[in-house]
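In: fold the following, please.
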Amino acid sequence: MQTVGYAEIFDYLDRKLSLEKAAELIKKNTRQYAKRQMTWFKKDKEIKWFSPSQFTQIESYLISITATDFTDEHR
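Out: So this is what the prediction gives:
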């Protein structure tokens with residue numbers, strides 16, 4: 001399986017790893033997966049990144065793309 005955590009939990013259940021080691025590996029593999037995702041997403045120039053504190057900018061952006069999508073659909 002390719003899902004983060006399954007192999008480690010199965011190894012723990014099969015007594016190949018301690019619970020502590022399984023948790024450590026899950027954390028490490030989750031961080032590595034998140035890093036790969038961020039690298040992949042950063043290559044996509046259409047993605048608009050916001051900080052959670054930028055609520056007004058997020059709201060304005062969502063309104064602008066919703067209005068654009070709605071207009072494009074009904075031409």
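
In: next, F50: secondary structure please.
Out: coil (DSSP: H, G, I helix; E, B strand; the rest coil).

In: in the chain, where is pLDDT below threshold?
Out: Applying pLDDT under 70 to the chain flags the ranges 1, 68-75.

In: tell me the domain ranges of it?
Out: Listed by automatic domain parsing, the domain ranges of the chain are 1-44, 45-75.

In: most tightly packed of these?
Out: Neighbour counts (mean count of other Cβ atoms under 10 Å) averaged over each of these peak at domain 1-44, with a mean of 12. No exception for glycine: its C-beta is placed from N, CA and C like everyone else's.

In: mind checking how far it is from the chain centre?
Out: Between the centre of domain 1-44 and the centre of its chain there are 14 Å (Cα atoms, centre = their mean, to the nearest Å).

In: cool, and stretch 42-60?
Out: Here stretch 42-60 is found 15 Å from its chain centre; the criterion is Cα atoms, centre = their mean.

In: equivalent analysis for stretch 55-71, please.
Out: Distance, centroid of stretch 55-71 to centroid of chain: 22 Å (Cα atoms, centre = their mean).

In: which residues does the helix ranked longest in the chain contact?
Out: The longest helix of the chain (DSSP state H) is helix 19-42. The contact list for helix 19-42 (Cβ atoms under 8 Å, 6 or more residues apart in numbering) reads 4-5, 8-9, 11-12, 17, 47.

In: just the ones of these in helices?
Out: Judged by DSSP H, the subset of these located in helices is 8-9, 11-12.

In: next one: K42 from R36, what distance?
Out: Distance from K42 to R36, counting by Cβ to Cβ, to the nearest Å: 11 Å.

In: same check on L62?
Out: 27 Å.

In: one more: Y12?
Out: Distance, Y12 to R36, by Cβ to Cβ: 24 Å.

In: again, but for F55
Out: For F55, the distance to R36 - Cβ to Cβ - is 29 Å.
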